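Engineer: this one's structure only:
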């Protein structure tokens, strides 16, 4: 009898709880929309898609008719499908201005109707069009607005697409670490959802970011996987992009034959499937290969075709790079006036694409968004705690009322109360943890901003001062061709001085750039410039470099001082040693050890004529960074340098 009564009370409790919390939902109404009219909208859009390639004028007619009908009957899905399909069609025809106008109309209509779902799609469409025109600040603003709406509406596919779109913006801004973070995040979301289409696009952006961080094997793997996805879908634009980027990897590895094969494949696909952007990329990269081989006539023809397509498409980012390359080709062919004309075009377009304030604003927007996301998480957690507390309080009150007087359930009530207090404690701990994470992330963001400012100063030195020095070189070379003997000597001095200043400026920029604060990057830079110097002075040389180089950190001051000591040592070998061979060895144990050996005549006195005050300066440079300098004379001369290194530390 006791068990029957307990069961009865528990049944009553469950019924009351269900009545208290259940929500009854009713089917949504059709808002007076005619089923016949909505079907007609879908049919009109389908007809427009069918005529896109064969009868574009008919496609435009059916798209516009579908849009008018969908708006008249307030058919939301039909309106969204009309704008998306029509804008995609205009982009395929390279009519980006019309596409941007239509996308902005979509935004205005969505805001007027207070439709968050349509507004999310419309903001992404506007951002795509703005990115085509190179307005990256506006594109970033609309992408972030669309991403906020996608998170609020739990639109996971749009979150994947927009994350990858933001990655492409930061690739254009040459911020490859941020670009990789967005594309990798999009890839993880797409992989969990088995969305192979978005996965392919993400692999392309991840690979491009890896190229610029010299992770060539990973980049090739990502491009190959994207190519397979493109053939499977099928998506020939994705295939063409993958081939183009594989060609870029082989180009960086100086495997020019493989690079050329990839670009020819890309061009064939672009012509076959009418893909003007891909044809532009293929022609331009083939022109660069011709230039590297010294075939400047062939490079000029290919670059001219690529520039013609780029000007028709009005794609500013690509045009700027092509103008700069064409200026170099024209200069190599002796066409100085044409070279200067293309250089001026490049400078004019570069100013609109690389404006420092625009880039700073974009990074500020991105940091604001990330900070807002953390604040949102904290607010949501606090709201969740409050709701949990309210729900638990109502449950306890209800339990005490129903089970009052039932001694058999006292134990259950005590345990429930303890559980409630434990959950409160855990919730408070989670809130404190989120607050601490927010503080840490804010500190990291400030440190990252400081690092980005340092890189920006180096980039502005390169863009502004480097551009001025390059212009001096162009003008001095042009004047030198028509100058008499005395003026020719002076102009030659100007050219040599400008070249020397440019080299020193590049060394300073290199030492300031935090992207090269590793032993691996230092060895690569030293190997390239030392090899060029020794080769120019007809000396045999070789490098001894470890097979595996650990991820160790060098400061900008360390890199600059060590490099200048090596440079001074090689200068002494060329000027005084009468040597024919030089060996530069890098060894990494507890410290970085560098040996510079030559087979010259050597010296018996460290303060001898061969080194002079240079020896004192070299020793002072190494000691200023906590290192050592030692010279050993035995069948030639050996310079021994040591420098402490530490494990690489980066903000993530």
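Structural biologist: Thanks, I have the structure now. Keep in mind the model is a prediction, meaning the values are calculated, not measured.
Engineer: Show me the strands in the stretch 451-600 of the chain, by range?
Structural biologist: Ranges of strands in the stretch 451-600 of the chain, per DSSP state E, counting those that start in this stretch, are 540-544, 552-553, 581-588, 591-598.
Engineer: which of the ones you listed sits most buried?
Structural biologist: Mean neighbours per residue, mean count of other C-beta atoms under 10 Å, is largest over the strands of the stretch 451-600 of the chain for strand 591-598, with a mean of 20. Quick note: C-beta positions are derived from backbone N, CA and C, even for glycine.
Engineer: which helices and strands sit right next to the very next helix or strand once past that strand?
Structural biologist: Sequence order places helix 613-624 as the next helix or strand after strand 591-598, per DSSP states H and E. In terms of contacts (3 or more C-beta pairs under 8 Å, 6 or more residues apart in numbering; DSSP states H and E), helix 613-624 is packed against helix 556-572, strand 628-633, strand 637-644.
Engineer: For burial, what's the neighbour tally of residue 549?
Structural biologist: 16 (other C-beta atoms under 10 Å).
Engineer: so it touches residue 520, yeah?
Structural biologist: Yes. Contact criterion C-beta atoms under 8 Å: residue 549 and residue 520 qualify, at 4.6 Å.
Engineer: For residue 429, find the nearest of the strands of the stretch 451-600 of the chain.
Structural biologist: strand 552-553 (35.2 Å; C-beta to C-beta).
Engineer: distance between the closest one and the chain's centre?
Structural biologist: 23 Å (C-alpha atoms, centre = their mean, to the nearest Å).
Engineer: which one of the helices and strands packed on helix 613-624 lies closest to residue 591?
Structural biologist: Across those, closest to residue 591 is strand 637-644 (C-beta to C-beta), at 4.9 Å.
Engineer: Show me what that closest one is packed up against.
Structural biologist: Against strand 637-644 (3+ C-beta pairs under 8 Å, 6+ apart) you get helix 556-572, strand 591-598, helix 613-624, strand 628-633.
Engineer: Quick one: distance of the first one to the chain centre.
Structural biologist: Remark: helix 556-572 is offset 32 Å from the chain centroid, using C-alpha atoms, centre = their mean.
Engineer: for the last one, same thing?
Structural biologist: A distance of 44 Å separates the centroid of the chain from that of strand 628-633, by C-alpha atoms, centre = their mean.
Engineer: mean confidence score for it?
Structural biologist: The pLDDT scores in strand 628-633 average 92.
Engineer: got the angle between that strand and strand 591-598?
Structural biologist: If you take axes from the mean of the first three to the mean of the last three C-alpha atoms, to 10 degrees, strand 628-633 sits at 30 degrees to strand 591-598.
Engineer: what packs against strand 628-633?
Structural biologist: Packed next to strand 628-633, using 3+ C-beta pairs under 8 Å, 6+ apart, are helix 613-624, strand 637-644.
Engineer: Quick one: mean pLDDT over the first one.
Structural biologist: Right, helix 613-624. Mean predicted confidence for helix 613-624 is 89.
Engineer: and the helices and strands packed on strand 628-633, which is most packed in?
Structural biologist: strand 637-644 (a mean of 19).
Engineer: Quick one: work out the angle between that one and strand 581-588.
Structural biologist: 20 degrees.
Engineer: Show residues contacting strand 637-644.
Structural biologist: Strand 637-644 is contacted from outside by 554, 558, 562, 565-566, 569, 573, 577, 591-598, 600, 602-603, 618, 622, 625-632, using C-beta atoms under 8 Å, 6 or more residues apart in numbering.
Engineer: chain center to it: distance?
Structural biologist: For strand 637-644, the distance to the chain centre is 38 Å (C-alpha atoms, centre = their mean).
Engineer: Can you give the strand pairings for that strand, parallel or anti for each?
Structural biologist: strand 591-598 (antiparallel), strand 628-633 (antiparallel) (DSSP bridges).
Engineer: Quick one: the ones you listed as JSON lines, columns for distance to residue 254 too.
Structural biologist: Formatted as JSON lines, these follow (distance: least, C-beta to C-beta, whole Å):
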{"stretch": "strand 591-598", "distance to residue 254": "25"}
{"stretch": "strand 628-633", "distance to residue 254": "35"}
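Engineer: Of all those strands, which one is nearest residue 138?
Structural biologist: That would be strand 591-598 among the strands paired with strand 637-644, by C-beta to C-beta, at 46.2 Å.
Engineer: average pLDDT across the closest one?
Structural biologist: 93.
Engineer: So residue 74 lies in a helix, does it not?
Structural biologist: No. The assignment for residue 74 (DSSP: H, G, I helix; E, B strand; the rest coil) gives coil, which keeps it out of a helix.
Engineer: residues near it, how many?
Structural biologist: 12.
Engineer: ok, residue 330 touching residue 300?
Structural biologist: Yes. Using C-beta under 8 Å, residue 330 is in contact with residue 300, at 7.4 Å.
Engineer: if we can go back for a sec, out of the strands of the stretch 451-600 of the chain, which comes closest to residue 169?
Structural biologist: strand 552-553 (29.5 Å).
Engineer: Of the strands of the stretch 451-600 of the chain, which is nearest residue 159?
Structural biologist: strand 552-553 (35.1 Å).
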